[in-house]
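K.L.:
Predicted model and sequence follow; I will ask about them next.
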Protein chains: 2
Amino acid sequence: MGVRERRGREKSATRDKILDAARELFLACGYEGVTMRKVAQAIEYSPTAIYVHFADKEALFRELCVTDFRKLAHVFREIAAIADPAERLLKAGLAYADFGASHPNHYRVMFMTPHPARGHSADLEKGNPEEDAYAFLKATVKDALRAGRFRPELKDAELIAQTLWAGVHGVVSLEIAKRDDAWVDWRDYRKRVRLMTGSLLRGLLK
Amino acid sequence: MGVRERRGREKSATRDKILDAARELFLACGYEGVTMRKVAQAIEYSPTAIYVHFADKEALFRELCVTDFRKLAHVFREIAAIADPAERLLKAGLAYADFGASHPNHYRVMFMTPHPARGHSADLEKGNPEEDAYAFLKATVKDALRAGRFRPELKDAELIAQTLWAGVHGVVSLEIAKRDDAWVDWRDYRKRVRLMTGSLLRGLLK
DNA sequence: ACGTTAAGTTAACGCTGTTTAGTTAACGTT
DNA sequence: AACGTTAACTAAACAGCGTTAACTTAACGT
């Protein structure tokens, strides 16, 4: 009685130590730059100890991603309070871009790297706008659609949502992948984000 | 006399064999899915033989990319003949999206993967619209700018070009990274490309 | 006191990209 | 014609990777 719980707490304690060390390393070195051996060394455990708590390297990383993407969904909760659906879309775009720029390594693995099938981790609840940022976007598009804000030939909420997402994602992902590329004389990131969201919405709305 | 040349020809012959085998493998398996040993086995050479002709795996892959991206620039040459700069931008976007969808592995490494500094390979000539697709885009934006086609507050060709690029890149890169993700009920790729280019231009032009 | 459970370890496997040292065959030169 | 050089190519190995199998160890419930 209570012992099982203490054991559970102890286990999740070293689990958390792994997560903390891994987060720091992933942030500093990126996905490929982090090795299981490095994570283990950081917490002074053997590399195999990690496999007691996580199936593999990807599962470890995805747990960190899920945590951070829940944070993104929380930011969206505040934005959900904005009455005007068009302004809601704009603010959501800006928040999304901020998020991507401040979690580049998570963003890379979540949205810039092809994964073999397995639709996300099953830990995030699909369709629930509190956990699923795409569901939030789609819901807001539907609101704007109902309010008759989009140009008359636009009727497919899914198509509109995917286009809005792609627009902001384009700015975010180019920033992450090509920020240091001298080939292009990059303009300020936030300027690019604002021009993208503003222009795209102007082109889609009435 | 002539012997040196024949030697050179022989060397470049096995060099080409490596390139041919590598192209096929990279297309089929993606960058990480290809190993130097597999390439070597395909041409019945030892793995180390590749290092006589290429510095490392990345150099081998980038040579293939450069070849293919020169092809993209050639497609743009035809588009350059279109008189109306706005229509030219539209057609360029569609051609770029076609290209990305048919060379996903090259596209991934070129535009979706962060690289340590080293601005591209030095093999492509920066600023020359015949080899540099971004230079072509910027030149067309400048044309449209001169023709007074953009909304009056838009004056920075670089910023406009980067936003147009980001828009199409967003659609292309999401398609490559998340095509098989059941989380999203994806609409047809070409529909998404057209809505992106069309809406973005509508939002940027007068 | 005893059998069970599970966190954690050591050693190893099979793989990767790459390097070192060496072979071999054709070359230009004497 | 013999010799030293050059360079394509190879065999073996290195250091690293993610991961697995077999084992130890310590605390648990009975």
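P.N.:
Looks like it came in fine. Numbering: from 1, shown residues only, chains lettered A, B, ... in the order given.

K.L.:
Please report how far the most centrally placed residue in chain A lies from residue A:174.
P.N.:
If you average the C-alpha coordinates of chain A and look for the closest C-alpha using C-alpha atoms, centre = their mean, you land on residue A:69, 4.6 Å from that point. Note on residue A:69: its distance to residue A:174, by C-beta to C-beta, to the nearest Å, is 21 Å. All C-beta spots, glycine's among them, are computed from the backbone N, C-alpha and C.

K.L.:
residues touching the closest residue to residue A:204 other than its chain neighbours, list them.
P.N.:
For residue A:204, the nearest residue in space outside its immediate sequence neighbours is residue B:199; the separation is 5.0 Å by C-beta to C-beta, 6 or more residues apart in numbering or on different chains. With contact taken as C-beta atoms under 8 Å, 6 or more residues apart in numbering or on different chains, residue B:199 is in contact with A:163, A:200, A:203, A:204.

K.L.:
ok, those vs residue B:191, which is closest?
P.N.:
Distance to residue B:191, by C-beta to C-beta, is smallest for residue A:163 among those, at 9.2 Å.

K.L.:
just how off-centre is the host helix or strand of the closest one within its chain?
P.N.:
Residue A:163 is part of helix A:157-178, with elements assigned from DSSP states H and E. Helix A:157-178 has its C-alpha centroid displaced from the chain centroid by 12 Å (C-alpha atoms, centre = their mean, to the nearest Å).

K.L.:
Report whether it contacts chain B.
P.N.:
Yes: with C-beta under 8 Å from any C-beta of the partner chain as the measure, helix A:157-178 is seen reaching chain B through A:158-160, A:162-163, A:165-171, A:173-174, A:176-178.

K.L.:
Separate out the buried members of those residues.
P.N.:
Among those, those that count as buried by neighbour count (16 or more other C-beta atoms under 10 Å in any protein chain shown) are A:159-160, A:162-163, A:165-171, A:173-174, A:176-178.

K.L.:
filter the residues you listed by proximity to DNA strand C?
P.N.:
Filtering those for neighbours of DNA strand C using C-beta under 7 Å from any atom of the strand leaves an empty set.

K.L.:
Report the rounded mean pLDDT for the helix or strand that contains residue A:198.
P.N.:
Applying DSSP H and E as the criterion places residue A:198 in helix A:189-204. In this model, helix A:189-204 has a mean pLDDT of 98.

K.L.:
my guess is residue A:104 contacts residue A:178, does it?
P.N.:
No: counting by C-beta atoms under 8 Å, no contact exists between residue A:104 and residue A:178, whose distance comes to 11.9 Å.

K.L.:
Which positions in chain A make contact with DNA strand C?
P.N.:
With C-beta under 7 Å from any atom of the strand as the criterion, chain A comes near DNA strand C at residues A:11, A:14, A:45, A:46, A:47, A:48, A:49, A:52, A:53.

K.L.:
So which of these is the closest to residue B:112?
P.N.:
After measuring these against residue B:112 - C-beta to C-beta - the closest member comes out as residue A:47, at 29.6 Å.

K.L.:
Quickly note the distance from that closest one to residue A:17.
P.N.:
Distance check for residue A:47 against residue A:17: by C-beta to C-beta, it reads 14 Å.

K.L.:
Between those two, tell me which one has more neighbours.
P.N.:
For residue A:47 against residue A:17, the residue with the higher neighbour count under other C-beta atoms under 10 Å in any protein chain shown is residue A:17, and the figures read 16 against 13.

K.L.:
I'd like to check which residues are in contact with that one.
P.N.:
In this structure, residue A:17 makes contact with residue A:43, judged by C-beta under 8 Å, 6+ apart.

K.L.:
Quick check on it: phi, psi?
P.N.:
phi -60, psi -40 (degrees, to the nearest 10).

K.L.:
can you count the residues close to residue A:136?
P.N.:
Neighbourhood size, residue A:136 [other C-beta under 10 Å]: 24.

K.L.:
isn't there a helix covering it?
P.N.:
Yes: the assignment for residue A:136, made by DSSP: H, G, I helix; E, B strand; the rest coil, places it in a helix.

K.L.:
okay but it is in contact with residue A:85, surely?
P.N.:
No: using C-beta under 8 Å as the test, residue A:136 is too far from residue A:85 to be in contact (11.8 Å).

K.L.:
Report the separation between residue A:47 and residue B:183.
P.N.:
For residue A:47, the distance to residue B:183 equals 32 Å [C-beta to C-beta].

K.L.:
hmm, back to that, could I have the buried ones of the contacts of residue B:199 as ChimeraX selection syntax?
P.N.:
To isolate the buried subset of the contacts of residue B:199 in ChimeraX, counting by 16+ other C-beta under 10 Å, use the following:
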select /A:163,200,203,204
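
K.L.:
now for the contacts of residue B:199, which pair is the farthest apart?
P.N.:
Every pair in the contacts of residue B:199 was compared (C-beta to C-beta); the two farthest apart turn out to be A:163 and A:203, at 9.6 Å.

K.L.:
List the contacts of stretch A:23-40.
P.N.:
Taking C-beta under 8 Å, 6+ apart as the criterion, the residues outside stretch A:23-40 that touch it are A:18, A:21-22, A:42, A:46-50, A:57, A:60-61, A:64, A:105-106, A:108-109, A:113, B:114.

K.L.:
now those: which count as buried?
P.N.:
Using 16+ other C-beta under 10 Å as the burial test, the contacts of stretch A:23-40 include A:18, A:21-22, A:42, A:50, A:57, A:60-61, A:64, A:105-106, A:108-109, A:113 as buried.
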